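1. Predicted model and sequence below, questions to follow.
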Amino acid sequence: MTRRRVLVVSHEPLEALLTGTSIRALELARVLSAHSDVTLAAAGKPPARVAGMPCVAFSPQAPAALEEPLRATDVVLALPHWPPFMRMLRRSGKELIFDLYVPQPLEMLAGFPGQRPGLRRLMTGYAIDRLLEALRIGHGFICASEKQRDLLLGAMLAERLIDDARHRADPTLRSVLDVVTFGLPDEPPRASGGDGARGSFGEAIGREDQVILWNGGLWPWLDAETAIRAVGRLVERRPRVRLVFMGAARQVPAERAAERARAVAAELGLLDRVVFFNSSWVPYERRADWLLDADCALSTHSDHLETRFAFRTRLLDCFWTGLPVVCTGSGDLGALVEREGLGAVVAPGDVEGTADALERVLDNGRGHYAEALARVALRFSWPSVAQPLVRMVQAEVAPRVLSCRPRAGRTARTGSYLVGRRALDLVGLSDWPRL
């Protein structure tokens with residue numbers, strides 16, 4: 001079989017501090033490179049080669065640097081993005097596969113743009129536009145769960161993108177839209193020798209303390225307050241517990257969420273005594289240092305649409321490192337934790353229930369959950385979960401089916417964005433707004 005040429009686009013840098021989307025782009029590119037000739041494209045100033053693959057730099061807001069790589073490729077894998085990028089892909093004539101694992105419209109509704117209603121409406125509108133444009137111009141799509149797939153099938157049906165010919169060719173539509181969850185490395189976790197939670201805060205966390213690790217970022221749709229209040233209750237009867245927030249994302253919504261969490265911890269007299277916030281993002285290759293050093297993981301969120309359809313990717317690292325999890329029950333991974341006995345599941349906003357679940361898991365210890373966690377982790381190896389994407393890249397894809405012309409509101413927002421884009425460039429804000 002002829003090796004196809006694939007361009008994998010990351011809208012975030014592929015350097016030391018990888019985010020979830022850049023981790024996913026890099027790991028999917030690695031899997032595809034066994035079957036295809038892969039080139040990476042990344043925001044920022046990446047090295048000429050990343051993980052043995054050629055890499056080109058581009059600006060997501062002004063993607064002209066992608067013109068040459070696009071001419072030299074057969075297939076593009078990318079997330080939906082701002083209008084200049086989407087227009088370039090639409091005009092390229094290449095086979096387009098969109099990764100729709102991030103429910104961007106629901107993140108916007110959940111507070112990503114902040115509390116100003118006008119800005120939230122505008123950014124939500126742009127996010128929906130990106131999704132619908134991707135569904136219109138794409139040849140294939142991947143998402144992270146069956147629940148996400150159901151949501152996207154509904155969107156395709158509403159946009160008249162499921163016609164009789166496409167349905168007769170594949171009644172399941174798996175050849176067009178399939179599930180590629182987030183994945184895990186094949187190799188077992190190993191500490192790099194760097195500091196984990198116990199070594200990152202001086203003597204504030206001792207060797208005998210029990211570390212409860214929040215191993216993802218802080219975002220408006222998560223519920224750090226319940227986590228902090230639960231640990232505040234727990235420390236009254238278990239004085240050696242410590243809650244550590246491992247990552248500090250630099251996006252403004254994450255910084256606001258972290259400020260609110262710190263304020264709650266300070267109000268309860270727990271800040272820098274029982275509750276600790278790491279001041280930076282932990283590099284991808286060093287995350288095992290923190291996970292192997294902890295006694296339990298904690299992830300809580302409110303009950304709303306984002307949490308119903310999101311895929312909490314950071315919980316997978318807990319499975320990989322044998323770290324039991326206490327998490328809110330809604331969502332695919334919460335159901336998995338409960339079904340497979342990987343820790344404990346709690347109701348949204350239940351402070352006392354979360355404290356009790358943490359105490360139960362800490363009493364049991366990591367060893368109690370080790371076999372179940374190892375068994376589940378094997379299901380999520382990157383080469384395994386990426387097989388639907390490998391098949392999609394290698395197959396002859398069906399021609400895309402464009403719906404009716406974009407609605408007037410979408411066209412107007414695109415036009416206003418392009419005008420605003422030129423104004424922002426003139427005042428030096430070439431990378432704003434960022435997703």
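-> That came through fine. Numbering: from 1, shown residues only.
2. What residues does the residue nearest to residue 167 when sequence neighbours are not counted make contact with?
-> Of all residues not flanking residue 167 in the chain, residue 173 sits nearest, at 7.4 Å (Cβ to Cβ, 6 or more residues apart in numbering). Every C-beta, even on glycine, is put in place using the N, C-alpha and C of the backbone. Applying Cβ atoms under 8 Å, 6 or more residues apart in numbering to residue 173 gives the contacts 153, 162, 166, 167.
3. Closest one to residue 304 out of the residues you listed, please.
-> Residue 304 lies nearest to residue 153 out of these, by Cβ to Cβ, at 21.4 Å.
4. okay, now that closest one: neighbour count?
-> Neighbours of residue 153 under the rule other Cβ atoms under 10 Å: 17.
5. Contacts only, for it.
-> 162, 173, 177.
6. tell me the contacts of the nearest residue to the first one once chain neighbours are set aside?
-> Which is residue 162. The shortest distance from residue 162 to any non-neighbouring residue, by Cβ to Cβ, 6+ apart, is to residue 156 (5.3 Å). If a contact means Cβ under 8 Å, 6+ apart, then residue 156 has 135, 162, 177 as its contacts.
7. Off-centre distance for the host helix or strand of residue 156?
-> Here residue 156 is covered by helix 146-158, with elements defined by DSSP states H and E. Counting by Cα atoms, centre = their mean, to the nearest Å, helix 146-158 is centred 19 Å from the centre of its parent chain.
8. Roughly how far does residue 232 sit from residue 328?
-> 18 Å (Cβ to Cβ, to the nearest Å).
9. Which one of those two is surrounded by more residues?
-> With neighbours defined as other Cβ under 10 Å, residue 232 and residue 328 compare such that residue 328 has more, 26 against 21.
10. Wait, a strand at residue 188?
-> No. According to DSSP: H, G, I helix; E, B strand; the rest coil, residue 188 belongs to no strand; its state is coil.
11. Please pull out the lowest mean pLDDT helix or strand from the chain.
-> One helix or strand of the chain scores below all others by mean pLDDT, DSSP states H and E: helix 408-426, with a mean of 63.
12. residues of the helix holding residue 156 that come out buried?
-> 147, 148, 149, 151, 152, 153, 156 (16 or more other Cβ atoms under 10 Å).
13. for those residues, which one is nearest residue 45?
-> residue 148 (32.5 Å).
14. returning to what we had before: mind exporting the helix holding residue 156 as PDB, just the C-alpha atoms?
-> What follows is helix 146-158 as a C-alpha-only set of coordinates in PDB (Å, rounded to 0.1, in the frame of the first residue of the first chain):
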ATOM      1  CA  GLU A 146     -19.500   7.600  22.000                       C
ATOM      2  CA  LYS A 147     -21.400  10.300  23.800                       C
ATOM      3  CA  GLN A 148     -19.500  12.900  21.800                       C
ATOM      4  CA  ARG A 149     -20.200  11.000  18.700                       C
ATOM      5  CA  ASP A 150     -24.000  11.000  19.300                       C
ATOM      6  CA  LEU A 151     -23.800  14.800  19.800                       C
ATOM      7  CA  LEU A 152     -21.900  15.300  16.500                       C
ATOM      8  CA  LEU A 153     -24.200  12.900  14.600                       C
ATOM      9  CA  GLY A 154     -27.100  15.100  15.700                       C
ATOM     10  CA  ALA A 155     -25.300  18.200  14.500                       C
ATOM     11  CA  MET A 156     -24.600  16.600  11.100                       C
ATOM     12  CA  LEU A 157     -28.200  15.600  10.800                       C
ATOM     13  CA  ALA A 158     -29.400  19.100  11.600                       C
END
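15. Tell me how far the next helix or strand after it lies from the chain's centre.
-> Helices and strands here follow DSSP H and E; after helix 146-158, the next one along the chain is helix 164-169. In terms of Cα atoms, centre = their mean, the centre of helix 164-169 is set 32 Å apart from its chain centre.
16. I'd like to know how far the residue nearest to residue 162 sits from residue 236.
-> 52 Å.
17. Might one say that residue 294 is in contact with residue 244?
-> Yes. Between residue 294 and residue 244 there is a contact under Cβ atoms under 8 Å: 7.5 Å.
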